[in-house]
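[1] heads up, no residue letters with this:
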Ligand code: G6P
């Protein structure tokens, strides 16, 4: 069937707006009452480590998932870029679970990495959008993310569904490993059920993003900062922006600011700070103030509590819905996408088919 833009100017816009629906599609496949039930069982109590491997946006999903698996399931995770992993000859123990994340399921480096781990790891798992893809077929278990066809080269709804699937795996692992009790599981599942509605609410920031984008479009460089799971989300913000607007963007862990990028800060540098109200909020805010003290222009992306506490002196504030910090990466994907999208539209680039990029990289 032919995929249409359904009234949107670009496929990317359409796919961003589909997220409340596509997110609920994947959630419905693994929520059963007050419990998480995986579409296929896997025993995370019998593994001592997860090795995740991917490219591009899928790699960023893995770096978010590391925080979830380690905190919720107390399971150590290593994350690698597929083109590095496939040649590094890293040891793969028999108790290691190898997990590959790929929208297309055809990325050459990710597939080669899977073949490297096969026969060594305890099991080969994959999180894919295309269930009949090579990576799905060569895995012991493939977990489909049900995002539907994604046309825009810059991944949006597939990224959010990769996050949702990985979070479900982390919760299931936490339950199996005795780190999440029934009450906490029920609480997490209740939170998951609210997420599609919160995503819809998050999308209402679009007009604000459009207004901010006209300012960001004038910059030559933009810095993204975050702590905890917001650090990989800073990477997602920077990746989206450079892919489609061609503005140089870089992501840093807030706490690492003083070890390098602070030298770049002056009044011409927009600094986007992802800081929901969570246990690390005050730390991120103090890094943000270091930027402001050097006249950097801070765009603070936070919730209403965060805005009430830390808006003084910032350049712009973008207020997101309030959400349990566990779920914040999914919600903060929206400003990452919309800021990049509207900056690109403002600059007049080819949003759906940015120069030099391919949707699926099937050659090395
Ligand atoms: C390309 C695409 C990215 C994607 C990456 C990995 O670079 O432009 O959007 O994240 O490949 O693709 P995969 O299909 O393996 O997720």
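    It's in. What you see is a predicted model; the values in this text were computed from it and never measured.
[2] Distance across stretch 274-290, terminal residue to terminal residue?
    Stretch 274-290 has its terminal residues 15 Å apart, counting by Cα to Cα, to the nearest Å.
[3] quick one, strands of the protein?
    Here the chain has its strands, by DSSP state E, at 31-32, 35-36, 49-54, 77-81, 96-102, 123-128, 141-144, 221-226, 248-253, 270-274, 297-303, 316-320.
[4] Rebuild these as JSON lines, extending it with mean neighbour count.
    Using the backbone N, CA and C atoms, a C-beta is placed for each residue, glycine as well. Formatted as JSON lines, those follow (neighbours: other Cβ atoms under 10 Å):
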{"stretch": "strand 31-32", "mean neighbour count": "14"}
{"stretch": "strand 35-36", "mean neighbour count": "19"}
{"stretch": "strand 49-54", "mean neighbour count": "25"}
{"stretch": "strand 77-81", "mean neighbour count": "18"}
{"stretch": "strand 96-102", "mean neighbour count": "28"}
{"stretch": "strand 123-128", "mean neighbour count": "25"}
{"stretch": "strand 141-144", "mean neighbour count": "22"}
{"stretch": "strand 221-226", "mean neighbour count": "25"}
{"stretch": "strand 248-253", "mean neighbour count": "20"}
{"stretch": "strand 270-274", "mean neighbour count": "27"}
{"stretch": "strand 297-303", "mean neighbour count": "24"}
{"stretch": "strand 316-320", "mean neighbour count": "18"}
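[5] For the ligand, what is the nearest residue in the stretch 151-300 of the chain?
    Taking Cβ to the nearest ligand atom, the ligand has its nearest neighbour within the stretch 151-300 of the chain at residue 155, 4.1 Å off.
[6] Return the residues of the chain in contact with the ligand.
    Those residues of the chain that sit near the ligand, judged by Cβ under 6 Å from any ligand atom, are 55-58, 102-104, 107, 110, 153-155, 357, 359-361.
[7] Just the residues contacting stretch 118-125, thanks.
    Residues from elsewhere that reach stretch 118-125 (Cβ atoms under 8 Å, 6 or more residues apart in numbering): 42, 46-47, 51, 92-100, 114, 117, 138-143.
[8] any idea where the helices of the stretch 151-300 of the chain begin and end?
    With DSSP state H, counting those that start in this stretch, the ranges of helices along the stretch 151-300 of the chain come out as 157-176, 182-202, 206-216, 230-245, 281-293.
[9] Output the ones you listed in a markdown table; the columns should cover mean neighbour count.
    Putting these into a markdown table (neighbours: other Cβ under 10 Å) gives the following:
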| stretch | mean neighbour count |
| --- | --- |
| helix 157-176 | 26 |
| helix 182-202 | 17 |
| helix 206-216 | 17 |
| helix 230-245 | 26 |
| helix 281-293 | 18 |
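[10] Output those in a markdown table; the columns should cover mean pLDDT.
    Shown next, in a markdown table, are these (pLDDT from 0 to 100):
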| stretch | mean pLDDT |
| --- | --- |
| helix 157-176 | 98 |
| helix 182-202 | 97 |
| helix 206-216 | 96 |
| helix 230-245 | 97 |
| helix 281-293 | 96 |
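[11] Neighbours of the residue nearest to the residue of the stretch 151-300 of the chain closest to the ligand when sequence neighbours are not counted, how many?
    Using Cβ to Cβ, 6 or more residues apart in numbering and skipping the chain neighbours, the partner closest in space to residue 155 is residue 57 (4.2 Å). Neighbour count for residue 57, taken as other Cβ atoms under 10 Å: 21.
[12] you'd agree residue 57 is up against residue 236?
    Yes. Counting by Cβ atoms under 8 Å, residue 57 touches residue 236, with 6.9 Å between them.
[13] Select, out of the strands of the chain, the one closest to residue 195.
    Of all the strands of the chain, strand 31-32 sits nearest to residue 195, with 10.6 Å by Cβ to Cβ.
[14] Direction included, what does that closest one pair against?
    Partner strands and pairing direction for strand 31-32 (DSSP bridges) are strand 35-36 (antiparallel).
[15] what about the strand it pairs with, average pLDDT?
    The average pLDDT for strand 35-36 rounds to 96.
[16] re the thing from before, so who does the residue of the stretch 151-300 of the chain closest to the ligand touch?
    56-58, 103.
[17] Whichever of those residues end up buried, select them in PyMOL.
    In PyMOL, the members of those classed as buried (16 or more other Cβ atoms under 10 Å) are selected with the following command:
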select buried, resi 56+57+58+103
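[18] Can you name the residue of the chain nearest the ligand?
    Closest point on the chain to the ligand, by Cβ to the nearest ligand atom, is residue 56, at 2.8 Å.
[19] Quickly note the distance from that residue to residue 158.
    Counting by Cβ to Cβ, to the nearest Å, the separation of residue 56 from residue 158 is 11 Å.
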